[in-house]
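# Predicted model and sequence below, questions to follow.
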Amino acid sequence: MELSVEKPESVMKLYDEKTGTWRFVKTDKGPSKSMEIVEKTLRRLGLSKNEVRVYLYLARAGEHKASEISEVLSLHRTETYRILRDLEKRGLVSSVFEKPLKFIATPFEKALDILIETKKMKINLLEKKKGKLISLWLSFPKLEVENERKEVFQILEGEEQINLKADEILSATKKEFSIFVSECEIANFYHSGFLDKLEKTSKRNLKVRLLANYSPKSCFFLEKMKFKKVKYALSNDEELPTFMLADDEQLLLLIRKGNGKKRVAALWTNYDAFIKAMKTLFLKLWSDSLLEDAKLPIKP
């Protein structure tokens with residue numbers, strides 16, 4: 001007979017001040033997914049893993065002593081005090097003036113504002129230093145290097161880095177830009193503003209072609225865009241990943257796993273053979289889509 005064992009992640013240890021005892025509470029798997037998203041966001045805004053744990057515990061459980069936080073989260077007391085002081089300096093935690101000393105979290109909405117504004121200030125500071133840094137770099141003695149074109153590739157991870165690379169490729173395009181957008185990527189490109197940039201780019205007398213999956217989701221976003229200059233078509237191919245080609249010189253291929261739910265990476269390359277193969281594929285898909293104009297909505 002098999003024994004059913006509860007996973008440790010599904011149980012939370014909470015301190016009950018009224019009774020002075022600890023109690024174990026079973027957590028729901030639904031909220032845990034939402035909490036995971038919140039944790040990842042706070043990490044991206046500059047908090048460490050344990051800083052996120054301490055802040056979220058205080059934000060949800062209310063004011064507590066450092067010793068209680070330390071025990072609940074299984075952190076060393078010295079580290080707990082250091083984290084609390086660091087969070088206090090950031091404006092995310094406050095000390096309660098009473099004995100024993102307790103700590104209370106800044107409301108989540110305000111904490112987000114603080115972290116976002118801090119991030120903006122750092123970016124603005126870097127922008128101001130950009131010119132000086134470039135001047136310093138250009139002042140270094142130049143080494144003799146070969147200007148021969150090399151065929152290279154680059155692996156990018158994370159939506160931010162991939163979106164930045166896509167923007168860079170689009171802005172550098174001089175003649176022709178072609179993109180196949182899978183159903184799982186079109187929402188990201190819409191919300192990141194990439195599709196808007198695609199429309200603006202097409203006004204520079206560039207040849208811009210967009211090919212997307214024929215699905216309710218893709219049709220919804222294409223209808224919202226109301227492209228005037230971008231030529232687009234819809235394809236029945238549901239297996240291909242998103243890829244973009246610029247001037248027969250650059251290729252960005254996005255890779256996902258887990259049935260399209262999780263982004264793994266993207267491959268950028270200027271490798272001629274690979275680019276030619278992907279362009280041949282794109283033109284074949286484009287041609288097949290146009291041949292099926294009786295079935296699919298096409299904007300020529």
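Perfect, I can see it now.
# Check the spacing between M35 and S94 real quick.
Going from M35 to S94 by CB to CB, to the nearest Å gives 23 Å. Backbone N, C-alpha and C define where each C-beta goes, glycine included.
# just P100 next, same as before
Distance of P100 to S94, given as CB to CB: 15 Å.
# Look at these two and report which has more neighbours.
For P100 versus S94, neighbours defined as other CB atoms under 10 Å are more numerous around S94 (15 against 9).
# Only the buried residues of the helix or strand that contains that one, if you could.
If you go by DSSP states H and E, S94 is part of strand 93-96. Neighbour counts over strand 93-96 (16 or more other CB atoms under 10 Å) mark V93 as buried.
# Let's see it as PDB, backbone CA atoms only.
Taking Å, rounded to 0.1, in the frame of the first residue of the first chain, the C-alpha atoms of strand 93-96 are listed here in PDB:
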ATOM      1  CA  VAL A  93      10.100  48.000   5.700                       C
ATOM      2  CA  SER A  94       9.600  50.100   8.800                       C
ATOM      3  CA  SER A  95      10.500  49.600  12.500                       C
ATOM      4  CA  VAL A  96       7.800  49.800  15.100                       C
END
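# quick one: strands adjacent to that strand?
strand 102-105 (antiparallel) (DSSP bridges).
# Let's see the partner strand as CSV, backbone CA atoms only.
Written as CSV, here are the backbone C-alpha positions of strand 102-105 (Å, rounded to 0.1, in the frame of the first residue of the first chain):
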residue,chain,number,x,y,z
LYS,A,102,9.1,44.7,15.5
PHE,A,103,9.0,45.3,11.8
ILE,A,104,6.2,46.1,9.4
ALA,A,105,6.1,46.0,5.6
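# Beyond it, next helix or strand please.
Assigned by DSSP H and E, the successor of strand 102-105 is helix 108-139.
# Specify the residue ranges that define each domain of the chain.
Split into domains by automatic domain parsing, the chain comes to 8-110, 153-291.
# Comparing the ones you listed, which comes out most buried?
domain 153-291 (a mean of 16; mean count of other CB atoms under 10 Å).
# can you give me the mean pLDDT across that one?
The pLDDT scores in domain 153-291 average 86.
# how far does it sit from the chain's center?
17 Å (CA atoms, centre = their mean, to the nearest Å).
# Assign a three-state SS to S178, would you?
Three-state assignment for S178 (DSSP: H, G, I helix; E, B strand; the rest coil): strand.
# That one and T242 touch, don't they?
No: here S178 lies out of contact with T242, judged by CB atoms under 8 Å, at a distance of 11.8 Å.
# The residue nearest to the spatial centre of the chain and K130: what is the separation?
Nearest residue to the geometric centre of the chain (CA atoms, centre = their mean): E159, 3.6 Å. To K130, E159 is 24 Å away according to CB to CB.
# how much space between E199 and E223?
As judged by CB to CB, E199 and E223 stand 14 Å apart.
# Please apply the same query to L47.
Counting by CB to CB - L47 and E223 are separated by 39 Å.
# for the residue lying closest to V52 once chain neighbours are set aside, what are its contacts?
Once flanking residues are discounted, V52 sits nearest to L42: 4.7 Å by CB to CB, 6 or more residues apart in numbering. Counting by CB atoms under 8 Å, 6 or more residues apart in numbering, L42 touches 51-52, 55-56, 115.
# Which pair in those has the greatest spatial separation?
L56 and L115 (13.1 Å; CB to CB).
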